[in-house]
Every structure is written in C-alpha cells, then in structure tokens.
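K.L.:
Here's my sequence, what's the structure:
(one chain, ligands or ions: 1)
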Amino acid sequence: MKIGIPAETLPGEQRVATTPEVVKKLVAKGFTILIESGAGTAACYPDAEFAAAGAQLVDRSAVFDADLVLKVRRPTADEAAAVRTGTVYISLLESCGADALVAEMTHRGVQVLGMERMPRISRAQAMDALSSQSNIAGYRAVIEAAAHNKRFFPAMMTAAGAAKPARVVVLGAGVAGLQAIATARRLGADVHAYDVRPETREQILSLGAKPIELDLGESGAGAGGYARELSAEAKAKQQAALANELVRAQVIITTALIPCRPAPELITTDVIERLRPGAVVVDLAAANGGNCKLTVADQVIEHQGVTLIGYTNYPSRVATDASSFYAKNLMNLLDIMVEKTTDELRLRDLQNDEITRAMLIAAD
Ligand code: NAD
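P.N.:
Modelled structure (predicted):
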C-alpha cells in the first residue's frame, strides 16, 4: 500500500505530514512511502534522513500516485485535482459546512477525511491533531508574548533591584489556553484565566493559576465539551466584566473559539487603550476573526503603545515538533484504518469505525 506525502505549498507553512522516525515505523509495517523531495526541509528533516528511513524521494508529479495521500493543510485546487479516484486523502480541511473543493474530490470517488473532525473521545486522543497542534500554539503564544514584552515574566531579586512577576491573563482554557497557562507559570508569571465553560475552573487551579469568575446569568457550555455562542446580553456583560480584569494585565493571551462560528470578541478597543504602554496581546483566534477588535491577522501591530500579535499559524513556528506530533497522529490513525492480512495491507471499511466515520466527508 503506497502513501504519498506532498510538500506543503500554502505560504508560510513549514510543517510536513511525516518524519523519518514515523517513516521507519510505517515501512516496517509494510507501507511504501513516497515523499516529495524537499518536503521536510523547512521542518529540519532533510531528504537524506527520509531516504535512510526507507522512503522513496519522488518529484511532485509522482507523489499523488498513491493509495493514501497525507498532508497537513487544506488541499489547493491543483492538489485536489491531482488526487486520483480511489485514493484516501487525509489532512486538516480548514472548512465548515459546504466546501466545493472537497465536494468535487468526493464526487470523483476520493475518500476525504478531515483531521479536525476527529471526535474528542479518549480512544481518539493519540490521533487528535487539533489537540497536538493547539498545545503547541499555546506554548508558542507565550514565547511570542515574552519576546515582545519589555519586562520580565518571573519575579527577579537582583543587586540592581527587584521586579514583580508579570500579570498574565489567559482567555479561553481549552487545549491551547491550558498550555499557555502552564507555559506562563513555568516562566514564573502570575497567571489569571477565564473560560465560559464552568468545568475549566478546576483545570485552571490545577496549573497554579487563578480562575476569573464572572456571573453572566447563563452558561457557555455547549455540546461535546465545546463552548456555545452567548446571547447578546451575556456577551455585553462579559465584555464589561472582563474589562476590569484585563486592564491590569501586562500580557493577555486569547484562545477563545466556538466551532464553525466567528471567534467571540472579548477585548474592545477601549480596553486596549486603557492597558499600560508595553502591554502585549497575543490573539490566537486571529484566523477566525480575533478575540480582540484591533487584531490584524498575520501582523504584529502597535496601538497606543500596546503590541497586538495576530499570527495565524503558531504550530508552523515550531515546525519540527509540530510535524513530529502530527505525523504520529496520522500513524495512529492508520493503525485503525488499515489491517494486515497474511500477505498484504488492506484498507478497512471507513464507515465501520466511529472515528473514521466521523472524519469522512460524505459524497453528498
Ligand atoms: P476550542 O479551541 O474550540 O475553544 C477554546 C476555548 O475557548 C474553549 O475552552 C472554549 O470554552 C473557550 N471559549 C469559547 N467562547 C468563549 C468566551 N466567550 N469566553 C471565554 N472562553 C470562551 O476548544 P478546544 O481546546 O478544542 O477544546 C474543546 C473541548 O474538547 C474541551 O472541553 C476539551 O477539554 C475537550 N477535549 C477533549 C479531548 C478528548 O477527550 N479526546 C481532546 C481535546 C479536547
């Protein structure tokens, strides 16, 4: 069974869908790996390491001649057209609802699986790319904040004077937010955190941070452990109540998302203008419209002395480890998709497992 790994082509994307370590394991299981030459270079996995692990290095035209095509990012129109009928295609699809590009693939008889559709259940944890990549995003957001901040994160006692720990506020305590809290705590910051889902309180406390508690008159807990959109009245209450907490922060990291909806606006222009000069806001929701009114996607801007960071692809900034985690997510997924008979590898019926069934895009 042949697996094709094309190089990622979206601007700024440095990750790759497999690593030499994973290739070695897949080859041992009986797969043939075709990887596009140079696909791993930006993630610091040279061609020679892939070849030594047993992969065949091929050019772009040959990489789609495979039973399975694995990618990180959404296919471009050219990539979608290159995937043959009968192939299984797997990547993040980065879309919600109607998606003409993916529909065209499924109508041609390509089985398309979206990594973001992985169910959030215990059995799927080792295959969950949203979690592995959000974790990295949460870590990197804190590193960006610390690098742009002109003050220390930890308390410092030196002969030249003392500094208090930075006050860091994290909004949204899902996978990325919890990792941001943990990373900021490791750097010694005084961390305060807020989420609309009440069950996050214990998780925030367990990481040594202080939960911010607001009475909005309604719960933000939605289906499947995700948040739901608040009523207009609760949104206004939330913005006003959060403002008093936010204006005292030196660093704010926002990670609040609602599946298939624009990101909730939690930080108004007024709050940004009341922050102390030098404050840093890292808006992890920038790709979905931002949690902060002033965020500009993919840019770092300054507004009245406050730095606003709007990068939209943090995992790509930690491309080596992000690729490694993603590659392992895919390998674990292949374990449930492919069975070994006495002399060959065979694709199972993807409708028969709750995980692959949830990920599979229906042809209609
Ligand atoms: P997400 O990326 O969809 O959202 C990030 C966070 O933003 C969430 O915690 C959400 O509650 C919060 N949020 C939304 N609106 C908000 C608002 N107005 N104000 C403040 N916060 C707001 O979430 P995620 O990180 O993907 O996690 C979603 C859920 O899935 C969580 O319950 C998580 O524990 C769970 N999960 C389960 C598994 C598993 O069991 N396999 C794996 C990963 C995550």
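K.L.:
For the stretch 101-250 of the chain, which residue gets nearest to the ligand?
P.N.:
Going by C-beta to the nearest ligand atom, the ligand is nearest to residue 174 of the stretch 101-250 of the chain, at 2.3 Å. C-beta here means a position set from N, CA and C on the backbone, and glycine is covered the same way.
K.L.:
how close does residue 337 get to residue 68?
P.N.:
Note on residue 337: its distance to residue 68, by C-beta to C-beta, to the nearest Å, is 8 Å.
K.L.:
got any residues that touch both of those two?
P.N.:
residue 88 (C-beta atoms under 8 Å, 6 or more residues apart in numbering).
K.L.:
Quick check: the nearest residue to residue 246 once chain neighbours are set aside vs residue 293, distance?
P.N.:
Once flanking residues are discounted, residue 246 sits nearest to residue 271: 5.1 Å by C-beta to C-beta, 6 or more residues apart in numbering. Per C-beta to C-beta, residue 271 is found 9 Å from residue 293.
K.L.:
So for these two, which residue has more residues nearby?
P.N.:
Neighbour count, other C-beta atoms under 10 Å: between residue 271 and residue 293, residue 271 has more, with 24 against 17.
K.L.:
quick one: the more buried one is in a helix?
P.N.:
Yes: using DSSP: H, G, I helix; E, B strand; the rest coil, the assignment for residue 271 is a helix.
K.L.:
show me the contacts for it.
P.N.:
Residue 271 touches 242, 243, 246, 247, counting by C-beta under 8 Å, 6+ apart.
K.L.:
that's a helix at the second one, yeah?
P.N.:
Yes: per three-state DSSP, residue 243 lies within a helix segment.
K.L.:
Outline the domain layout of the chain.
P.N.:
2-117+319-355, 136-316 (the TED database).
K.L.:
Can you name the residues of the protein that neighbour the ligand?
P.N.:
By the rule C-beta under 6 Å from any ligand atom, the part of the chain lying against the ligand is 120-122, 124-125, 128, 130-131, 134, 171-177, 194-197, 220, 225-227, 230, 255-259, 264, 266.
K.L.:
For the protein, just list every one of the helices.
P.N.:
Remark: helices assigned in the chain by DSSP state H are 20-29, 47-53, 60-63, 77-82, 100-107, 129-148, 175-186, 200-206, 232-246, 269-274, 319-337, 354-359.
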